[in-house]
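Novice: from the sequence below, what's the structure:
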Amino acid sequence: MSIQLKNVAALPNIPWQDAPSKGRKEVLWRYSGNPVIPRDLTKRSNSIFNSAVVPFKGEFAGVFRCDDTARRMNIFAGKSKDGFAWNIEDDPIDFIKTDPSLPDSEYKYDPRVVFIEDRYYIIWCNGYHGPCIGLGYTEDFEKFYIMENALMPYNRNGVLFPRKVHGNFAMYSRPSDSGHTPFGDIVYSESPDLTFWGKHRHVMAPNGWQSAWQSTKIGAGPAPIETSEGWLLFYHGVLTSCNGFVYSFGAALLDIDEPWKVIARSRPYLINPREIYECVGDVPNVTFPCACLVDGDTGRLAIYYGCADTVTGLVFGRIDEVVDFVKENKC
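Specialist: Residues are numbered from 1 along each chain as shown. Purely as a prediction, here's the structure:
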């Protein structure tokens, strides 16, 4: 592995399937057993997608978006021994308020999870007079605590960095509106305490004339990965077609010390909707990355992504190949 990873632990039991031996044209390859998580794994789930997975005590744990059969959006805890077969709770996470005055959520969706210092932080799109950035934490995936909303409405796609930057917690987000947001740029913010956020910096915008798959809006995916070439960020992009939105995903490299500065950004996508489970579902034509497992020793990647807002898929790759792809095919 020529690319050096920083603050990334070895993960020898990363869920993995070797690349096809013949005919591979793409940097990332799909798990042959996709969808790895079906829509009805819990008693009342209509769909399970756009969810977050992390290593936990030699196995794996996660927070999952499960829309129920009343089509209510909420997030649920789950665990797995191997990252393939999952046991997801039938009831949503019952968060303990860190302050009794915290408002109740109208809904929760599209979580991310990242370990920072001594606990696992969960960040999601929270319903509070419109979509905003919700924040909480857990130490054991049994008890979960909810904190102050990080950013006010309207905002989506909050993603925390896996370590502090300039001594502060750091986050990417996408300011939006109250609806299905026909626009969207990625913005960087910092906080000394996870409550008060500032130092906002614009990161990048849709890039229509150069790269149509990301011409309408973009949003951060899994937590950025620290490499010797910069922060590696997988992000989704949206094209507005004659048949509606199409969600694909690519990657970008950003400056380690100033993560709002783009070093390189992929002109082609890495993954786009083409398989039946990505094209047919509650929201057709969606591939939406939310979690990335990394083996710090080998650079192997396993990315969990939402498919057609219905099920969860898994793709594999290698850090070296992704970084080379971004640098060689940049906008």
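
Novice: now His180. Nearest residue, chain neighbours left out?
Specialist: Phe245 (7.8 Å; Cβ to Cβ, 6 or more residues apart in numbering). All C-beta atoms are positioned from the backbone trio N, CA, C, and that covers glycine.

Novice: residue contacts, Gly33?
Specialist: Phe84 (Cβ atoms under 8 Å, 6 or more residues apart in numbering).

Novice: one more time with 10 Å
Specialist: Contacts for Gly33 (Cβ atoms under 10 Å, 6 or more residues apart in numbering) come out as 17, 84, 313-314.

Novice: cool, Gly134 as well?
Specialist: 75, 95, 105, 107-109, 111, 122-128, 146-151, 158.

Novice: next up, the contacts around the residue nearest to His180.
Specialist: 180-182, 216-217, 238-239, 283-286.

Novice: out of the residues you listed, which comes closest to Phe196?
Specialist: Thr181 (25.4 Å; Cβ to Cβ).

Novice: mind pulling up the pLDDT for that closest one?
Specialist: If you check Thr181, the pLDDT there is 91.

Novice: so how far is Glu139 from Ser241?
Specialist: Using Cβ to Cβ, to the nearest Å, Ser241 is found at 44 Å from Glu139.

Novice: and what of Val315?
Specialist: For Val315, the distance to Glu139 (Cβ to Cβ) stands at 30 Å.

Novice: about what we covered before: show me what the residue nearest to His180 is bridged to.
Specialist: For Phe245, the beta-bridge partners are Thr240 (DSSP bridges).

Novice: hmm, back to that, report the buried members of the contacts of Phe245.
Specialist: Buried residues within the contacts of Phe245, counting neighbours by 16 or more other Cβ atoms under 10 Å: 181, 216-217, 238-239, 283-286.

Novice: touching the top helix by length along the chain from outside, list them.
Specialist: Determined from DSSP state H, the single longest helix within the chain is helix 319-328. Residues outside helix 319-328 that contact it (Cβ under 10 Å, 6+ apart): 1-5, 8, 19, 26-28, 225, 227-230, 232-234, 250-253, 263-268, 270, 294-296, 298-301, 303, 317-318.

Novice: take those and keep only those in strands.
Specialist: 225, 227, 230, 232-234, 250-253, 263-265, 294, 300-301, 303, 317-318 (DSSP state E).

Novice: make a PyMOL selection of the buried ones in the residues you listed.
Specialist: To isolate the buried subset of the ones in strands among the contacts of helix 319-328 in PyMOL, counting by 16+ other Cβ under 10 Å, use the following:
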select buried, resi 225+227+230+232+233+234+250+251+252+253+264+265+294+300+301+303+317+318
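
Novice: pull the distance from stretch 259-274 to the chain's centre.
Specialist: Relative to the chain's own centre, stretch 259-274 is displaced by 14 Å; criterion: Cα atoms, centre = their mean, to the nearest Å.

Novice: can you check stretch 66-78 too?
Specialist: 17 Å.

Novice: which element is the closest residue to Phe161 other than its chain neighbours on?
Specialist: Nearest residue to Phe161, sequence neighbours excluded (Cβ to Cβ, 6+ apart): Ala170, at 4.1 Å. Taking DSSP states H and E as the criterion, Ala170 maps to strand 169-175.

Novice: state the paired neighbours of that strand in the sheet, together with their directions.
Specialist: Applying DSSP bridges, strand 169-175 is found paired with strand 155-160 (antiparallel), strand 186-191 (antiparallel).

Novice: any buried residues in that strand, and which?
Specialist: So, applying 16+ other Cβ under 10 Å, buried residues of strand 169-175: 169-175.

Novice: so where's the stretch 1-150 of the chain uncertain?
Specialist: Of all residues in the stretch 1-150 of the chain, none has pLDDT under 70.

Novice: one step back: a markdown table for the buried residues of strand 169-175, including distance to Arg163?
Specialist: Output for the buried residues of strand 169-175, formatted as a markdown table (distance: Cβ to Cβ, whole Å):
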| residue | distance to Arg163 |
| --- | --- |
| Phe169 | 9 |
| Ala170 | 8 |
| Met171 | 12 |
| Tyr172 | 14 |
| Ser173 | 18 |
| Arg174 | 22 |
| Pro175 | 24 |
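
Novice: could I get those as JSON lines with distance to Gly198 and pLDDT?
Specialist: As requested, the buried residues of strand 169-175 are exported to JSON lines (distance: Cβ to Cβ, whole Å; pLDDT from 0 to 100):
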{"residue": "Phe169", "distance to Gly198": "11", "pLDDT": "98"}
{"residue": "Ala170", "distance to Gly198": "12", "pLDDT": "98"}
{"residue": "Met171", "distance to Gly198": "11", "pLDDT": "98"}
{"residue": "Tyr172", "distance to Gly198": "15", "pLDDT": "98"}
{"residue": "Ser173", "distance to Gly198": "13", "pLDDT": "98"}
{"residue": "Arg174", "distance to Gly198": "17", "pLDDT": "98"}
{"residue": "Pro175", "distance to Gly198": "14", "pLDDT": "97"}
